[in-house]
Structure formats: C-alpha cells, structure tokens
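> need coordinates for the below:
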Amino acid sequence: GLLIGQTVACNGGDKDKLFTYTVKFDGADPSKEYTYTYTKIEGTSETGTIQSGGAISLKHGETAIFDASQILKGVTYSVTQTDYTSDGYTTDPKTFVYTGTIEEKKIAEARFVNTRYLSSMLTLTANPAIVPGDGKTPSEITATLIDHEGKPVADREIVFTLPDNTEVKATTNAEGKAVISYTPRQLTGATPEVHTIGAKSTSTVDGVAIATPVTVTAMPAAITGVLRDNTTGKVIPNATVTVKNDDTNEEHTITTDENGVYFLPVPPGGSYTISYTQQYSINGTPSPVTFTQKAEIDSGVTGGLPVPAEITAVGIVLLKQPDGKPSLLNSAFAGKMLIYLRDANGDYILDQNGSPKAFDLQSNGTFHVDGLSTGDYKMEVRYEFEPGKELTLIRDKKLGVAKNGELNISQELVDPYGRITDATTGAVIEGAEVKLYYADTPRNRANGIVPGTEVMLPAIPGFAPNDNASPNQNSDATGAYAYMVFPDTDYYLVVSKAGYVTHKSETISVGSDIVRYDVQLTPISTDNGNNGSGNSNNGSGNGNNGSGNSNNGSGNGKTGSGNGNNGSGNSNNGSGNSNNGSGNSNNGSGNGNNGSGNGNNGSGNSNNGTSNSNNGTSNSNNGTSNSNNGTSNSNNGTSNSNNGTSNSNNGTSNSNNGTSNSNNGTSNSNNELDDVPQTGDNSTSPIFYMALALISLIVIGFCLPKRKKEKYIQ
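Numbering: from 1, shown residues only. Below is the predicted model:
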C-alpha cells in the first residue's frame, strides 16, 4: 500500500492550509484505466478515488492511505507536492517528491513537512557603552529576543561572540532577555579602545536571528560628580544629567545612581559643562531651571582615571508673594542682589583684593559659586542700594558640601512683608495706609537725617505689593506691606484706617538685616450697649447706662442718667453724679467732687475724701477712710467710724460717739449722746471750747482795723 502524510511546522505555519499532491503509478497495463481508492484520515475517515496522475489535498495532520489490493505488485509510484515557497514555506523533502516501488506486504510512506517561520528579532545593547579603561569597570551586554508579534521569547539560547572570538552562551528569561557582563582590558595609553560584541539565536522553532553588534569603548578618563539638594541635605538619585564637550559640542545624557553620583568616561583633554534641570513651582506653575558646573580633563590622563567635576554651589533666590506663593525675581531686582559665603571659621570667601567676594545673581535669580572645597558654609543674600550700602535679606543659611565633584543646589525665599491685622479678630486689613518716617535718634542725627521727615526710597519694580512705594503705601488684600529700607537707619511707622485707632510705632532700628514689622490695629469701640440718648465722649465698654452722660471714663456699667466727668470703672451708681474719682460703686445720686474708691454711700455727698464707704446721706468735706457714720456730718477728721448723726469739726480716729458732737479732740470713743462727762470722763468740757472760740473772735476783731490802715499806708 501507499501512505501520504502532511505536517505544518514552526511559528508561521498555517495548520488549516490545504497542500496539494499529485500521485502517479507506473508499470500497470497501459491499455487499461485503473481507479485507486484511498482513505483520508483526520480523526474520522473519508473515502475517495483517484486515477494515476490525479491530485489530492491534505491539511496539517491528515493522511491518505491507498488500498493495497488495487495496486499491482512491482508498480512504481511518485507523490509530488506543489511548491509553496512563495508563501514562505520550506518543504522536506526539498525536491517536493517521494518515489518508490510498491512491495508486497509493505506500506510505502510519503510524509511531507512544510515549515514556515515568522521573523523573530534579536537586539543587542551595552550599558554603559563607554567605560573607563581601568580594567575593572564592566559593561552589561543584553540580548533581547521577540517574536513577530513583538512578544518576548523565553527559554531560547543566545550565543554571544566577544572581541577575541570566544563565545558565551545565555538563555532568555521571561522578558526575552539574556544578559552577560563584559569588562574591557585596562588601557596603558591615552587612546580610547573600542570593543565589538555580537549575538545570535539558533532556535529551530523561531528560526535563526542575528543581532547587530554593539561596541563598548574604554576611555582613558572619566568625569564624576554628585547632585545634592542643599535644602534637605540629601543626594538626588535617578536624575538626568547632560554632559557636553565644550570643544566638539558632543553631548551625553546620563543618570545619577542611588547615591546621586553621575559618571561618564571621556577621552583625555577637553572642557566639559555638566547641566542639571530642576522643576520649581513659580506662582503655582511648574517651571524648569537649569544649573551647571564645569569639568576639566588633562590631556595626559590614562588608565581610566576618574576626574571629579568642580565643586559648585548653585541655586535660585525667589521672592515670596503676599499670598505665600514663590515667584521669580524681576530682572532689575535680581540685578541688585548679591551672594556672600563664609566658611566654617566665619571668614568670608575673598576676592583677589582680599575683600568679601560678592557673587552676582542672574536675571532669573539663579546664582553660581565655584572653586569651593568640601566643608560647611554660611550664605548671605543682600540687596545693594548703592556700592557699599547693602541690606541683608537672608543671613546664615547653611550650605554643606560633602563630596568632591558636588553640585549643591539651594532654594532661598525672600519674605519681606509686614502684616496689618485687626487686634480683636486677627483678620487681615486691606487698604490701611502706612507711612514711613525717620525716627529721632542719635544715630540718625549723627548721619545728618532730620527726624520726623518722610522717607523716600528708590522704586523696585516687581517688589510686591507696591514696588517699594514711599513714603505712603496701602496694605493689599492679604494685609501685607513692604519697604526695602536703607540699612543702619532708624524709622517709625504711622498706620491708619477708618474705624481703627491710628497706630504710631516705636522706633524701628534697622542695622544690616531686614526687619519685619507687623501691626495690630485696635478698632474704635462701638460696644456700649443698652444706653440712653444724648451720651457723648464716653469711653469704651460702658453698658446699660442712662441718658445725658458725657465725658466719662471707660468700663462704667449700669449707671444712672446725667452723670458727667467721672472716672473709670464706676458702676451701679445713681444719677446726677459728676467730677468723681474712679472705682466708685453702689453709691447714691447727686454726689460730686468726691475721691476714688468710695462705695455704698448715700446721696448728696460732696467734697469728701477717698475710700469712704457705708456712710449716710448729705455728708461733706470729710476726711479719708471714714465708714459706717451717720447723716449730715461735716468737716470731720480722718479714720472716724461708727459715729452718730450731725457731728462736725471733730478730730481724728474717733469712733462709736453719740449724736450732735462738735469740736472734739482726737481718739475719743464711746461718749454719751448729751456730751455730759461720765464719771471718770477725762474729755475736755465744751464750755472750754466755747470760751476759746469767743476769745478768738475778739482778737480777730481787734486786728482788722489796724490791717486796713497799714494797707492804705503802703
């Protein structure tokens, strides 16, 4: 019998494609026509017939078996497949034909294999492609194999060919990558050396793929450096750095490692500029700012020697806006700014003349300080009004340089604003007028400044909120104002706003540093409540008062009507009281010209001393600290207490006396109401005092005519 089989192989073969085969039998009687029966098998059987020279078609996995009983012994056969090379197939056998002789009790086989590959792709990379020629810095060579759909091909063997024609094998991983490490030999001269590496895949499934070779160049030198954020003190990893050859303009883009280190092998000789771009938020918008440092490579360097870039401190000075957002400096403003550095000993970095060296700001506010050594520094940012007259805006900002080749990046924020707020609520005040004057101080007078004159300052465009307007400014919506004033001068401010008490500051002394001065304005009080009508010129915090009160102090509450010219802190008093002291409370009405601290007294008392309390009514011209006395007492001394009624012209420290006593001495106590001495009463008789008064009147009457006569003589 005869069996014909068809198999499709490899990643590009179409297993549903029909392949056509022509079948011939030779050696039978040519005068007869023979029909041959075959069975096509593919899971199920299908019967067909064919004559010599006819064709059948088979798909992948199908077979056709011819009935041996219909084929004469000794007949030759040939099975020829149609050529499908144009479809990308290769056929086994390559001749596309099987021939043979039918033998008894044997089945001749004609099995065809059609193979079609879809192109796989092998790429090769070297990282880094340039290494120092020190004989110990490797490059990582990676071969990547993908199929026709771009998917990674795993578990395929890759053969790498090294510069000396030796081979190294590796297997692709799940990502289709196979990796080896290659280290060029150490250079002994100053000439770079190029090493070429190739790779190929010999897969029987995906076909042969050959990669384009890569090169690894060993250099006699290498530039190295470190990026550091001075604000945080931390290195900057995974940052993109551009290294440009200043002579050839050739550029290389590299990335810092986890330690913030960048590294680029270079040929000997040449100047290089290293650039790093950082994003800053300017007025709420990301803005790129580029910083640079330099590197110089000697022409005689060999052996892959690493050369650190110059240590450089760079940064940007931003201006804080009143709303809190940083902004770039106006170019005119930046042109007046200077940077100074002091070392760990407090000594300034000096210029060639031995003076503190001033580093200029660029128009966008960036600065660049090179030629430093490792160590700690303090940075100052100053504004120059004129040569030799500078105001320090930022002082003692720490700058730490830890490693050779470091590019140290700072961000400084100038915050010059004073704020004007409500002293009661803390709310910012917009539109307050601020006026700047020269203070009356010995320093100002010694410098020829006239005290009390308005200060006229140079305008600074871009210096929010008022471009350094002077002498007057108005606070903005955030309550901010700002003056960039002359150093070593004394000032004062007057701040006013409708509805607030005008504020005059104390002397504000400005040395070499900027001074921020915040102002709290006190509202003019409107908190007197439940008061009557016709009240005027009263203090603050008075409540529940009557009508017609005027010129009273502060903090008086629950007072009657018609009170005027009274002190402060009086409360719960009657009506018609005037010209009284402070701190009087719970007193009656119609009291006037009394001292302070009197309380719980009756009505109609006047011209009394201080600290009298719990006394009766209509007492007048009494001393101080009298208490608990009766009514209608007058012209009494001091510290009398618990006395009766209608006593007058008494001495001091009398207590517990009766009624209608007059002209008594000192320190009398517990006397009778009728002034008749008790047994053992040692007090002076009233008759004595009456006689003494009569004698006094006679003497006065005698003297008066003589006095008038002398007056006329004069």
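> domain map for this protein?
Annotated domains of the chain cover 2-115, 121-219, 221-414, 418-521 [automatic domain parsing].
> for the third one, the distance to its chain's centre please.
Right, the one you point to is domain 221-414. Distance of domain 221-414 from its chain centroid, counting by Cα atoms, centre = their mean, to the nearest Å, is 21 Å.
> ok so, going back, okay, the domains of the chain in JSON lines with mean pLDDT next?
Listed next are those as JSON lines, based on pLDDT from 0 to 100:
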{"stretch": "domain 2-115", "mean pLDDT": "88"}
{"stretch": "domain 121-219", "mean pLDDT": "91"}
{"stretch": "domain 221-414", "mean pLDDT": "91"}
{"stretch": "domain 418-521", "mean pLDDT": "95"}
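> so can I have a markdown table of these showing mean neighbour count?
For the C-beta atoms, the positions are set from N, CA and C on the backbone; glycine is no exception. Formatted as a markdown table, these follow (neighbours: other Cβ atoms under 10 Å):
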| stretch | mean neighbour count |
| --- | --- |
| domain 2-115 | 15 |
| domain 121-219 | 17 |
| domain 221-414 | 17 |
| domain 418-521 | 16 |
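> now the strands for the stretch 301-450 of the chain?
Assigned by DSSP state E, counting those that start in this stretch, the strands in the stretch 301-450 of the chain fall at 305-308, 312-320, 326-328, 337-342, 359-360, 366-370, 375-386, 389-401, 406-414, 418-422, 433-438.
> could you dump those strands into TSV and include distance to residue 486?
TSV is the format used below for the strands of the stretch 301-450 of the chain (distance: least, Cβ to Cβ, whole Å):
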stretch	distance to residue 486
strand 305-308	44
strand 312-320	20
strand 326-328	25
strand 337-342	16
strand 359-360	21
strand 366-370	24
strand 375-386	6
strand 389-401	7
strand 406-414	17
strand 418-422	17
strand 433-438	10
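> and residue 494, which of the ones you listed is closest to it?
strand 433-438 (4.7 Å; Cβ to Cβ).
> that closest one packs against which elements?
Packing partners of strand 433-438 (3 or more Cβ pairs under 8 Å, 6 or more residues apart in numbering; DSSP states H and E): strand 472-474, strand 489-496.
> now these as JSON lines including distance to residue 369?
Shown next, in JSON lines, are those (distance: least, Cβ to Cβ, whole Å):
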{"stretch": "strand 472-474", "distance to residue 369": "35"}
{"stretch": "strand 489-496", "distance to residue 369": "30"}
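> element containing the nearest residue to residue 184 once chain neighbours are set aside, please.
Excluding the flanking residues, the one nearest residue 184 by Cβ to Cβ, 6 or more residues apart in numbering is residue 218, at 4.0 Å. Secondary structure from DSSP states H and E places residue 218 in strand 214-219.
> related to what we said a few turns ago, thought the residue nearest to residue 184 was touching residue 189?
No. The pair residue 218 and residue 189 does not pass the contact test of Cβ atoms under 8 Å, sitting 10.8 Å apart.
> residues touching residue 274, list them.
Residue 274 makes contacts with 223, 225, 241-244, 262, 292-295, 309, 407, as judged by Cβ atoms under 8 Å, 6 or more residues apart in numbering.
> just the ones of those residues in helices?
Among those, no member is found in helices (DSSP state H).
> and the residues you listed as JSON lines, adding distance to residue 511?
Below are these laid out as JSON lines (distance: Cβ to Cβ, whole Å):
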{"residue": "223", "distance to residue 511": "45"}
{"residue": "225", "distance to residue 511": "39"}
{"residue": "241", "distance to residue 511": "42"}
{"residue": "242", "distance to residue 511": "44"}
{"residue": "243", "distance to residue 511": "45"}
{"residue": "244", "distance to residue 511": "45"}
{"residue": "262", "distance to residue 511": "43"}
{"residue": "292", "distance to residue 511": "36"}
{"residue": "293", "distance to residue 511": "35"}
{"residue": "294", "distance to residue 511": "37"}
{"residue": "295", "distance to residue 511": "42"}
{"residue": "309", "distance to residue 511": "39"}
{"residue": "407", "distance to residue 511": "34"}
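> and which of those is nearest to residue 453?
Of the contacts of residue 274, the one sitting nearest to residue 453 (Cβ to Cβ) turns out to be residue 292, at 47.8 Å.
> that closest one against residue 273, yeah?
Yes. With contact defined as Cβ under 8 Å, residue 292 reaches residue 273; the gap is 5.5 Å.
> common neighbours of the two, please.
Both residue 292 and residue 273 lack any common contact, where contact means Cβ under 8 Å, 6+ apart.
> what about the strands in the stretch 51-200 of the chain?
Going by DSSP E, counting those that start in this stretch, the stretch 51-200 of the chain shows strands at 54-58, 63-66, 76-81, 90-92, 97-101, 108-115, 121-127, 130-132, 139-146, 157-161, 167-171, 177-182, 193-203.
> what's the closest of those strands to residue 282?
Of all the strands of the stretch 51-200 of the chain, strand 121-127 sits nearest to residue 282, with 35.7 Å by Cβ to Cβ.
> quick one: the closest one to chain centroid distance?
That offset, for strand 121-127, works out to 44 Å (Cα atoms, centre = their mean).
> now it against strand 177-182, angle please.
In terms of direction (axes from the mean of the first three to the mean of the last three Cα atoms, to 10 degrees), strand 121-127 departs from strand 177-182 by 40 degrees.
> how far away is the closest residue to residue 415 other than its chain neighbours from residue 501?
Spatial nearest neighbour of residue 415, excluding adjacent residues (Cβ to Cβ, 6+ apart): residue 320 at 4.3 Å. Distance of residue 320 to residue 501, computed by Cβ to Cβ, to the nearest Å: 30 Å.
> which residues touch residue 306?
With Cβ under 8 Å, 6+ apart, residue 306 has these contacts: 132, 221-224, 263.
> if you set the cut-off to 10 Å instead, what comes out?
Counting by Cβ atoms under 10 Å, 6 or more residues apart in numbering, residue 306 makes contact with 132, 134, 137, 221-225, 263-265, 404-405.
> now do residue 28
34, 52, 71-72, 74-75.
> surely residue 505 and residue 519 touch.
Yes. Contact criterion Cβ atoms under 10 Å: residue 505 and residue 519 qualify, at 7.3 Å.
> between the strands of the stretch 51-200 of the chain, which gets nearest to residue 490?
Residue 490 sits nearest to strand 130-132 of all those, at 62.4 Å, using Cβ to Cβ.
> tell me what residue 519 is bridged to.
residue 420 (DSSP bridges).
> from residue 234, how far off is it?
Separation of residue 519 from residue 234 (Cβ to Cβ): 39 Å.
> got TSV for the strands of the stretch 51-200 of the chain, with distance to residue 285 too?
Shown next, in TSV, are the strands of the stretch 51-200 of the chain (distance: least, Cβ to Cβ, whole Å):
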stretch	distance to residue 285
strand 54-58	70
strand 63-66	74
strand 76-81	71
strand 90-92	62
strand 97-101	77
strand 108-115	61
strand 121-127	36
strand 130-132	38
strand 139-146	40
strand 157-161	49
strand 167-171	49
strand 177-182	41
strand 193-203	46
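> ok so, going back, right, and the strands of the stretch 301-450 of the chain - which one's nearest residue 172?
strand 305-308 (34.6 Å).
> just the CA trace of that closest one, in PDB.
The C-alpha coordinates for strand 305-308 follow below in PDB (Å, rounded to 0.1, in the frame of the first residue of the first chain):
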ATOM      1  CA  LEU A 305      41.300  57.800  35.900                       C
ATOM      2  CA  PRO A 306      38.100  59.400  37.400                       C
ATOM      3  CA  VAL A 307      38.200  63.200  37.400                       C
ATOM      4  CA  PRO A 308      35.700  65.000  39.700                       C
END
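> neighbouring strands for that strand, and are they parallel or not?
strand 221-229 (parallel).
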